[in-house]
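Peer 1: Fold the stuff below for me.
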Amino acid sequence: MSRQLTAKEICEQALAMIGEFPTSDSAPDGETLRRALTWLDIAMSHVAGTTRLFFLIPETITLTLVAGQQAYPLLASLGAAFPSDGIQFPVDAALEDDNGNRVPITIVTREDRERIWKPGVVGTPQVVYIDRLLAPTLYTYPTLSADETRTYTLKLVIQRYAPNVSPSGVSGNRPQGSRLTEFRQAWSQYLIYRLSQHIGSGPVRALPLQRINAYERQADLALRQLNAFENQQHDTEDPVTRGYALEDYTDMRPAEDVGYGYDYGNRRRGY
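Peer 2: Purely as a prediction, here's the structure:
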C-alpha cells in the first residue's frame, strides 16, 4: 500500500515546492526545516479542529460514574485511559448499567446546561456537558444519588488533537520530524499543498501572490475531495429512504420530575 509520510518528509516536499530544497542538496537547511515543522503542526491542528477526522477518534473511552458525584475532571478521572494527545471534542456518549444495558445520552451545550432550572436533582444521568478547557471536566445531569448501589459507566467517543510534530527542546533544536503525522496516506497531498501555502507566504520564503493562491486552491480542492469520500464513514447499509424525525427518538426523561428546562430526549447533541 502507499507509504505514510513522516512529518519531515512532508516538510521536505513542501520546501522543494517553494524552491527551498533543490534536488542538488541532500537535506534542507536545519532552521528552515524547524520552521516548516512548526507550520505543519499549525496546519494539522487547524484541520483537526474544524473537521471530523476519523483516524483521530480512538476506541470508546469508559468512565465509571461515582454515586453523588456530578463533576468529573477527565484527566484525573480517566487516568491512563485519557488520550495522550488530549480531547479535541466529544463525538458521542452512551450510559451503560451493570447489566450491560446501554442507552444513548445527550451531550449538551453550555447554553443548555445553564438553562437547567433544577441543577441539584438526583437520579439516573440523562445528559452530560463537557467544557472546552485543555483539561476538560464532564458534568452529569441528573446526578447519581449518594446511596446509589448500581454501577453506571459512561461510554465516550471523542476526537483527539492532532499529534505534536513541532520542534521540541528548550531551544527548539530537536525537530520531531521522524514522527508520523497520523494523517492517513490520502492526506499527504493536502498537507503538502497547505504547508506550501503557509511557508511560502513569508515564514520561509515570500512567493508571488499568484503562486500562493495556486497552492491554496490545490489544498482546498484536495480537502473537498477527501471530505467527499476518504473522510467519510463507510458501511454496507441500504440508502436511507426517509429522514429521521422526532418520533424516531425516545424521550429519555425519567417518569419523575427531574427539572428539565427543555425536552432533552428529542434534542440533537451539542457541544
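Peer 1: mind listing what's buried in the helix or strand bottoming out on mean pLDDT in the chain?
Peer 2: Of all helical and strand segments in the chain, the minimum by mean pLDDT, DSSP states H and E falls on helix 110-114, at a mean of 92. For helix 110-114, the neighbour count (16 or more other CB atoms under 10 Å) marks 112-113 as buried. Every residue, glycine included, has its C-beta placed from N, CA and C.
Peer 1: low pLDDT regions in the stretch 51-200 of the chain?
Peer 2: Within the stretch 51-200 of the chain, the ranges that satisfy pLDDT under 70 run 168-177.
Peer 1: returning to what we had before: which secondary structure elements does the least confident helix or strand of the chain contact?
Peer 2: Counting contacts by 3 or more CB pairs under 8 Å, 6 or more residues apart in numbering; DSSP states H and E, helix 110-114 is packed against strand 127-130.
Peer 1: need the next SSE after the strand it packs on, C-terminal direction.
Peer 2: Going down the chain from strand 127-130, the next helix or strand is strand 137-141, by DSSP states H and E.
Peer 1: Could you list every helix and strand that that following strand packs against?
Peer 2: The contact analysis (3+ CB pairs under 8 Å, 6+ apart) places strand 137-141 against strand 71-73, helix 74-78, strand 127-130, strand 153-159.
Peer 1: show me where this protein has helices.
Peer 2: Applying DSSP state H to the chain gives helices spanning 7-17, 30-50, 74-78, 110-114, 188-199, 209-225.
Peer 1: now for these, which one comes closest to Ile87?
Peer 2: Of all the helices of the chain, it is helix 74-78 that lies closest to Ile87, at 6.6 Å by CB to CB.
Peer 1: I would like the residues contacting that closest one, please.
Peer 2: The contact list for helix 74-78 (CB atoms under 8 Å, 6 or more residues apart in numbering) reads 61, 63, 82, 87, 130, 135-138.
Peer 1: so Tyr72 makes contact with Thr137?
Peer 2: Yes - using CB atoms under 8 Å, Tyr72 is in contact with Thr137, at 6.6 Å.
Peer 1: Specify the beta-bridge partners of the most centrally placed residue in the chain.
Peer 2: Centroid check for the chain by CA atoms, centre = their mean gives Gln159 as the closest residue, at 3.0 Å. According to DSSP bridges, the residues that bridge with Gln159 are Phe89.
Peer 1: Mind splitting the protein into its structural domains?
Peer 2: Here the domain assignment for the chain is 7-53+163-230, 56-161, based on automatic domain parsing.
Peer 1: and these as a markdown table, adding distance to Thr236?
Peer 2: Listed next are the domains of the chain as a markdown table, based on distance: least, CB to CB, whole Å:
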| stretch | distance to Thr236 |
| --- | --- |
| domain 7-53+163-230 | 16 |
| domain 56-161 | 20 |
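Peer 1: Which among those domains is found nearest to Glu237?
Peer 2: domain 7-53+163-230 (16.6 Å).
Peer 1: Setting aside sequence neighbours, what's the nearest residue to Tyr141?
Peer 2: Nearest non-adjacent residue to Tyr141, counting by CB to CB, 6 or more residues apart in numbering: Val127, 5.2 Å away.
Peer 1: Please report the distance of Glu148 from Leu154.
Peer 2: Distance, Glu148 to Leu154, by CB to CB, to the nearest Å: 14 Å.
Peer 1: now swap in Ser45 and tell me
Peer 2: Ser45 is 27 Å from Leu154, where distance means CB to CB.
Peer 1: out of the two, which sits in the busier spot?
Peer 2: Leu154 (20 against 17; other CB atoms under 10 Å).
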